[in-house]
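Enquirer: Kindly generate the corresponding structure for this input.
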Amino acid sequence: MMKTILTYGTFDLFHVGHLNILERLSAMGDRLIVGVSTDEFNELKGKESIFSYSERVRIVGALSCVDGVIPEESWDQKESDIKNYNVTMLGMGDDWHGKFDYLLTLCEVFYLPRTVSVSTTKLRSEISKIDQSKLKELRDGLNSLLQVAKALG
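Expert: Numbers count the residues shown, from 1 in each chain. Below is the predicted model:
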């Protein structure tokens, strides 16, 4: 019997942690289907992605470990996706531990450990610091120019 694994995520600012979990999920079965959150669904969740849905789908779909990509448009589609794609296992990162246990009557549900050293939240924070640092440099430079201009007259 073919083992089909399903997972979901936003996959914004794609990083090695994303790749690690997708490769591990792929190795656990014969086929890996990835639900990528649409921009509209992210908006409902209060998330804003850097990359558009279509860009994130292209990135995830280009991976050799991924056999198919579907849109994740709502929280409640998981049950129908499991049935429609003959899913035998739902795999998620362990930050979701226990949240999808209600699907155990339809398929196996498991939670994989995340890559400790990286997360999208951490990347966003670091990028924000860089942006703030550059903004401060720019502001300081403009203030210096204004002082020179005032001195010249």
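Enquirer: going forward, measure contacts between C-alpha atoms and count neighbours the same way
Expert: Fine.
Enquirer: Outside of stretch 26-39 itself, list whatever touches it.
Expert: 2-11, 25, 48-49, 52-53, 56-57, 60, 65-73 (C-alpha atoms under 8 Å, 6 or more residues apart in numbering).
Enquirer: how about 7 Å then?
Expert: Stretch 26-39 is contacted by residues 2-10, 52-53, 57, 65-73 when judged by C-alpha atoms under 7 Å, 6 or more residues apart in numbering.
Enquirer: Next one, pLDDT for residue 115 please.
Expert: Listed pLDDT for residue 115 reads 72.
Enquirer: picking that back up, now the buried members of the contacts of stretch 26-39.
Expert: Burial by neighbour count, judged by 16 or more other C-alpha atoms under 10 Å, picks out 4-8, 10, 53, 57, 65-73 from those.
Enquirer: So which of those are in helices?
Expert: In this view, those that belong to helices under DSSP state H are 53, 57.
Enquirer: Averaged over its residues, which helix or strand of this protein has the lowest pLDDT?
Expert: The weakest-scoring helix or strand in the chain, judged by mean pLDDT, DSSP states H and E, is helix 120-152 (a mean of 67).
Enquirer: Domains in this structure, by residue range?
Expert: Domain assignment for the chain by automatic domain parsing gives 4-116, 119-153.
Enquirer: for those domains, which one ends up most surrounded?
Expert: domain 4-116 (a mean of 17; mean count of other C-alpha atoms under 10 Å).
Enquirer: tell me the SS of residue 106?
Expert: Here residue 106 is recorded as coil under DSSP: H, G, I helix; E, B strand; the rest coil.
Enquirer: what's the spacing between it and residue 77?
Expert: Noted for residue 106: a distance of 13 Å to residue 77, by C-alpha to C-alpha, to the nearest Å.
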